[in-house]
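A.B. asks: quick one, what's the 3D model for this:
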Amino acid sequence: MSKRGVVVGVLGAASLFVVGEAGASANVVWCYTDPPIQVTTPAGHNLTVNNTVYLPPGSGSIVQDIRESATAVPDGHGGTQIRITTYVPEAISRTTIVSTENRYQVSTSASAEGGEDITTDLDVPTS
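C.D. replies: Take a look at the predicted model:
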């Protein structure tokens, strides 16, 4: 391999790194993902719900005040309705919550002002 080829390769990789960094700095929201929420369906199946909270910039210092809980009840059609309740502190002006259960590929979202309980519902096909 020639020195010229190595130099061109290094410069190309460095330029992609710089361009990638410039795009990432344009984010205007900060994302907080709690540990997954474990839910047991009425029939005893264990499911995992991922709950992602999108926060305005500068909200990172109060993420420990976010509280979450989940319940699972029959949906009346042989499946399970999972209700996720997320409390977001008043200090956060507006937030969006995205709740996802990956095994059955169901997802839902909701937005609200800080200081409110935000409820999202997932309907999974297992009981």
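A.B. asks: would residue 62 count as being in a helix?
C.D. replies: Yes. Residue 62 forms part of a helix when assessed by DSSP: H, G, I helix; E, B strand; the rest coil.
A.B. asks: so where's the longest strand in the chain?
C.D. replies: When the chain is parsed with DSSP state E, its longest strand is strand 46-55.
A.B. asks: what average pLDDT does that strand get?
C.D. replies: Strand 46-55 shows a mean pLDDT of 91.
A.B. asks: now for it, which elements pack on it?
C.D. replies: Applying 3 or more CB pairs under 8 Å, 6 or more residues apart in numbering; DSSP states H and E, we find strand 46-55 packed against strand 30-33, strand 37-40, strand 67-74, strand 80-87, strand 94-101, strand 117-124. Heads up, the C-betas are built off the backbone N, CA and C, glycines and all.
A.B. asks: contacts for the second one?
C.D. replies: What that stands for is strand 37-40. Strand 37-40 is touched from outside by 46-51, 68-72, 82, 84, with contacts defined as CB atoms under 8 Å, 6 or more residues apart in numbering.
A.B. asks: point to the residue nearest the middle of the chain.
C.D. replies: Centroid-nearest residue in the chain, with CA atoms, centre = their mean: residue 52, separated by 2.2 Å.
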